[in-house]
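Participant: Give the three-dimensional model of this entry:
(3 chains)
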Amino acid sequence: MDKNIKVKNVIVKTAADFFMPIALIFGLYVILHGHLSPGGGFQGGVIVAAAVVLVYLGYGHETTENVFNENLLKKSETFAAIMYAGFAFLGIFYGANFCRNVLADKMGAAGELFSSGTIFWMNFSVGFKVLTGIGFLSLIFFGLLKEKNNESK
Amino acid sequence: MTNHLPIIAIQVLFLGAFISGLVGYKSNSLRKFVIFLATGTSLVLTLMLFKPVMMEGQIISYWMGNWVPVSDWAIGIGLEVDQLSLFFGLIVTVTVFLGAIYSFKYMSKDNGQDKYYVVFMMLAGSVLGFVFTGDLFNMYVMIEIMTFAAVGLTAFRNHKAESIEAAFKYLVVGSIGSSLILLGTVVMYAQFKTLNLAQITALLNNAQHTPVILFAFALMIGGYAVKAFIVPCHVVAPDAYAAAPSSVSMLFSGIVNKAGIYGMIRLVFVVFASMNLPSMQFLLVFLGTITMFIGVTMALAQSDFKRLLAFHSISQIGYVLTAIGLSTILGLTGGLYHALNHTLFKGLLFLCAGAVLYSTGTTDLNKLGGLAKKMPQTAGLFLVGAFAISGIPPFNGFVSKWLVYQGTFAKSMETNNPGYVFVTIVALIVSVMTLASFIKVTQSVFFGQLPKEFENAEEVPLSMRIPMWILAALCLVAGILPTAVIDYLIKPAVLAIKSAGNYVAVMMGQEYATKIYTEGIAIPKYDYAMAGWNPTSWLILFGVLLIAFALVALTGGFNPRHIVGAENNNAKFDVFFSGEAAEHSHVAGNDLFWGLKHNLKGYFHFMHDVHNGVVNDYALMVVSTTALVMLYLFLLVK
Amino acid sequence: MKKFMTFFSLTVILVTGLFVMKSMAVLPATYDGVAKILVDTTIERTRALNAVTAVVFDSRGYDTLGESFVLFTAISCSAAILRKGLKGR
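Facilitator: Model (predicted):
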């Protein structure tokens, strides 16, 4: 099993190279246009997190471990959760209730990219949270695979 | 400002989880400070709600994002804190605060503590969010966080195989429970086109009991039975309680169980208030009675300290369910009182078990012994907890158990149904068996001979003893001041259960409520009389007995040699006087009730086969329970 | 016993489920209740064209907050369970 992964399979590597930027850009598009077109933070975040899996498929364990920092991803996820709660708390700071969309009238008209107030920002923080979280989860699972391969050797 | 308090109290716990995960990565003391601050703030905010809600009788409603109802449809999510919610909210915040303080030292031998506190705080926040919410789907979301956090905490000591196994079982069975609740929620939404609890209450008030409603109700009863560990959905509970760290076992028995009980009370008595028929009450009392009986008999057969406490926890939840199932004022009072007491004494007992584990490294009753000499404070506190759970005056267990006996008996007088007298008798027998089981634990952990390997055992640090002292003091206070506890905590909560119309009026507006409740909103009279219960005289009796024991012990009259006599100085009897090691005797010191077990071996073999540890069977038990409840509802509840 | 209980409970749930489905089968031609209000007033309430996102992040934003916490809890639990634990037993 371990040997198969280490072999530099040109087709898999090229495919990973080709699809990774597409996954990143498409995922970011889905996150940012969540309030205008189908999709949203959860869906877009998972598409972006697919990049981690693509790097793993194309380049194997060591590269994945060098490229991504587990702790940084976990911290970013926590930060994104705080960000979401912070946008929800904006309502209380503006004198309304929790989760109030206080920024709705302060941004552009309906249909523009920067519109719909906290919906846009909450969408963004959920997307950020999901992409870091699922990326982190994939990294832990790849770590487990590696341990298993080492044991079976 | 009062309106914002509940949501801030919930979010402070969640934010505490995130911030402790961010800043507490390296620094131990900073993390502890954040946790202490978050749990403390949440406790203070909940206590600030006490005066307006409990004493002035306000019900706090809070629409998320100011989405107030549009043309009588609740379009947003609402928090609704009535007296019942606040009663459970106070239980949650106090337990979490004490559990966090206890964890600081108790968890210091484990690694990965930053992860522990993150999950711990998520559990705390989710249960508080669950009891404060006024929305059916939000209840599901919070239950989901709670289940996952509980699974993660069960498996936290991942170097032990049993932790991983228990977590797997809990994950499977807990997920089935969550799915049942979700399916029930979906069916309810399809029927009523709203998710707000108050509005569903109003719509159900005049509605026919269509098959859809019965189906949803049965699914939700099954789901919350799993969350409250009611027999026969209890099978994962002992594993989870025993494998989790003790501070987490305390949370399980203190708040995770209570979340299930709260969900049941909210659904059966408030939302489905029109469904509160004699046949439904019979179902709840029946489930409660078998829960308390099976819990306590299984506890008699255990040889692990924490598994034994876990089965007692199931048994005490049976008392709570039996009492609230009666649906009378007396029964609800007893049930809520026992829910409060169960949190206090079972928390104390689990913390004592954790202290023993911390000092000796084991919870096996066959290996422990004589720890009273090494850990006098823990032994004393454990005795307080054991007295309280066995219902010995003047501790709190006596008051609530008395109310349960009286409530079941009064119910039988009211309805001319002798079955409820049988419940009273079972409750009494269970209480006796609880005492018997705790005699066994006390004898084999704290008295008897001290094994050689525990010669160096020491009393636990002060920060672990403080929560135990607080819980013991609360046990005593709830025991000697029952009228104050009932007047300030229980009575408002019981009245809140009984006045569903008020719940609707606060959330959906007075006009809406008067349209639904055309005959006016009746609030029942709150009267109860506790026959034969005078706490001061019991306290004096207890004090006199204590002094008498002390005198006898000091003058040497309690020497086993004097009593047995020199000529009868047989090693066989020594074990009963905590004299000799178990191996010299025919009767093992830690198996005082071998005779009972021998006589009932058919029953115990059957129970042993049922608790076989196969997850498939456990899943089947949950599904069968749901199916039976469904059949019962369709056939008998119209 | 186990086999009987399996078939019995599955039969009960299936039969009652079908019964319930039958009584729910007659869906109204128009939607009403909360859904109608939410869909009709999306743009003036929230200024978002995607009604689903508008519901998920605005009128039911608190639930989404909870859902994202579910994900966070699940990931934290995986990190806690799959960490390198203490040695022994």
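
Participant: residues from chain A in reach of chain B?
Facilitator: Within reach of chain B by Cβ under 8 Å from any Cβ of the partner chain, chain A has these residues: A:71, A:74-75, A:78-79, A:81-82, A:85, A:88-89, A:91-92, A:96-101. For glycine as for every other residue, the C-beta is placed from the backbone atoms N, C-alpha and C.

Participant: Mind giving me the ChimeraX select for the residues you listed, buried ones only?
Facilitator: To isolate the buried members of these in ChimeraX, using 16 or more other Cβ atoms under 10 Å in any protein chain shown:
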select /A:74,75,78,79,81,82,85,88,89,91,92,97,98,99,100,101
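
Participant: just the residues of chain A next to chain B that are near chain C?
Facilitator: A:74, A:78, A:81, A:85, A:88, A:98, A:99, A:101.

Participant: can you list the residues you listed in TSV and add pLDDT and secondary structure?
Facilitator: As requested, these are arranged in TSV below (pLDDT from 0 to 100; DSSP: H, G, I helix; E, B strand; the rest coil):
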residue	pLDDT	secondary structure
A:74	91	helix
A:78	93	helix
A:81	93	helix
A:85	92	helix
A:88	91	helix
A:98	89	coil
A:99	87	coil
A:101	85	coil
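
Participant: Can you give me the distance of residue A:42 to chain C?
Facilitator: In this view, residue A:42 and chain C are 8 Å apart by Cβ to the nearest Cβ, to the nearest Å.

Participant: Setting aside sequence neighbours, what's the nearest residue to that residue?
Facilitator: residue A:130 (5.5 Å; Cβ to Cβ, 6 or more residues apart in numbering or on different chains).

Participant: For that neighbour, give me its contacts.
Facilitator: For residue A:130, the contacting residues are A:41, A:42, A:44, A:45, A:46, A:49, C:68, C:71, by Cβ atoms under 8 Å, 6 or more residues apart in numbering or on different chains.

Participant: Packing partners of the particular helix or strand that has the last one in it?
Facilitator: Which is residue C:71. Assigned by DSSP states H and E, residue C:71 belongs to helix C:61-81. If contacts are counted by 3 or more Cβ pairs under 8 Å, 6 or more residues apart in numbering or on different chains; DSSP states H and E, helix C:61-81 sits against helix A:70-93, helix A:118-152, helix B:113-132, helix B:136-154.

Participant: Could you see whether chain C lies near the shortest one?
Facilitator: Yes. Legend: contact between helix B:136-154 and chain C by Cβ under 8 Å from any Cβ is shown at B:137, B:138, B:141, B:142, B:144, B:145, B:148, B:149, B:151, B:152.

Participant: quick one: average confidence on the helix or strand following that helix?
Facilitator: Next helix or strand after helix B:136-154 toward the C-terminus (DSSP H and E): helix B:161-192. If you average the pLDDT over helix B:161-192, you get 92.

Participant: Other residues contacting the helix or strand that helix B:161-192 is followed by?
Facilitator: Downstream of helix B:161-192, the first helix or strand assigned by DSSP H and E is helix B:197-205. Around helix B:197-205, the neighbours that count as contacts under Cβ under 8 Å, 6+ apart are B:69, B:73-74, B:78, B:80, B:134-136, B:188, B:192, B:194, B:213, B:266, B:270-275, B:500, B:503-504, B:506-508, B:512-513, B:516-517.

Participant: Stretch B:465-480 too?
Facilitator: So stretch B:465-480 is in contact with B:98-99, B:101-102, B:337, B:340-341, B:344-345, B:347-348, B:351-352, B:355, B:377-378, B:381, B:384-385, B:388, B:393-399, B:459, B:485, B:535-536, B:539, going by Cβ under 8 Å, 6+ apart.

Participant: can you pull the buried residues of it?
Facilitator: Applying 16+ other Cβ under 10 Å to stretch B:465-480 flags B:465, B:467, B:468, B:470, B:471, B:472, B:474, B:475, B:476, B:478, B:479, B:480 as buried.

Participant: Likewise for stretch B:441-455?
Facilitator: Neighbour-count burial for stretch B:441-455 [16+ other Cβ under 10 Å]: B:441, B:442, B:443, B:444, B:445, B:446, B:447, B:448, B:450, B:451, B:454.

Participant: Can I get it as PDB, trimmed to CA atoms?
Facilitator: Extracted in PDB, the C-alpha atoms of stretch B:441-455 (Å, rounded to 0.1, in the frame of the first residue of the first chain):
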ATOM      1  CA  VAL B 441     -19.500   0.500  48.500                       C
ATOM      2  CA  THR B 442     -18.700   2.300  51.700                       C
ATOM      3  CA  GLN B 443     -17.500  -0.900  53.300                       C
ATOM      4  CA  SER B 444     -15.300  -2.000  50.500                       C
ATOM      5  CA  VAL B 445     -13.800   1.300  49.500                       C
ATOM      6  CA  PHE B 446     -13.400   3.300  52.600                       C
ATOM      7  CA  PHE B 447     -13.400   0.700  55.400                       C
ATOM      8  CA  GLY B 448     -11.900  -2.700  55.900                       C
ATOM      9  CA  GLN B 449      -8.300  -3.400  55.400                       C
ATOM     10  CA  LEU B 450      -6.000  -1.000  53.500                       C
ATOM     11  CA  PRO B 451      -4.200  -2.900  50.700                       C
ATOM     12  CA  LYS B 452      -0.400  -2.600  50.700                       C
ATOM     13  CA  GLU B 453      -0.200  -0.900  47.300                       C
ATOM     14  CA  PHE B 454      -2.300   2.100  48.500                       C
ATOM     15  CA  GLU B 455      -0.200   2.800  51.600                       C
END
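
Participant: quick one, the helix holding residue C:71 and helix B:161-192 angle?
Facilitator: If you take axes from the mean of the first three to the mean of the last three Cα atoms, to 10 degrees, helix C:61-81 sits at 170 degrees to helix B:161-192.

Participant: Helix C:61-81 versus helix B:136-154: what angle between them?
Facilitator: 10 degrees.

Participant: can you map out the helices along the stretch 451-600 of chain B?
Facilitator: B:462-480, B:482-485, B:491-498, B:500-508, B:510-516, B:535-554, B:560-564, B:571-574, B:594-599 (DSSP state H, counting those that start in this stretch).

Participant: Can I get these in TSV including mean pLDDT?
Facilitator: Output for the helices of the stretch 451-600 of chain B, formatted as TSV (pLDDT from 0 to 100):
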stretch	mean pLDDT
helix B:462-480	93
helix B:482-485	88
helix B:491-498	90
helix B:500-508	86
helix B:510-516	83
helix B:535-554	74
helix B:560-564	47
helix B:571-574	53
helix B:594-599	78
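
Participant: Can you check which of those gets nearest to residue A:106?
Facilitator: Nearest to residue A:106 among the helices of the stretch 451-600 of chain B is helix B:500-508 (30.5 Å), distances taken as Cβ to Cβ.

Participant: Distance from the chain centre to that closest one, please.
Facilitator: Here the centre of helix B:500-508 is set off from its chain's centre by 28 Å, with Cα atoms, centre = their mean, to the nearest Å.

Participant: mind checking the end-to-end distance for stretch B:599-618?
Facilitator: Taking Cα to Cα, to the nearest Å, stretch B:599-618 runs 28 Å from one end to the other.
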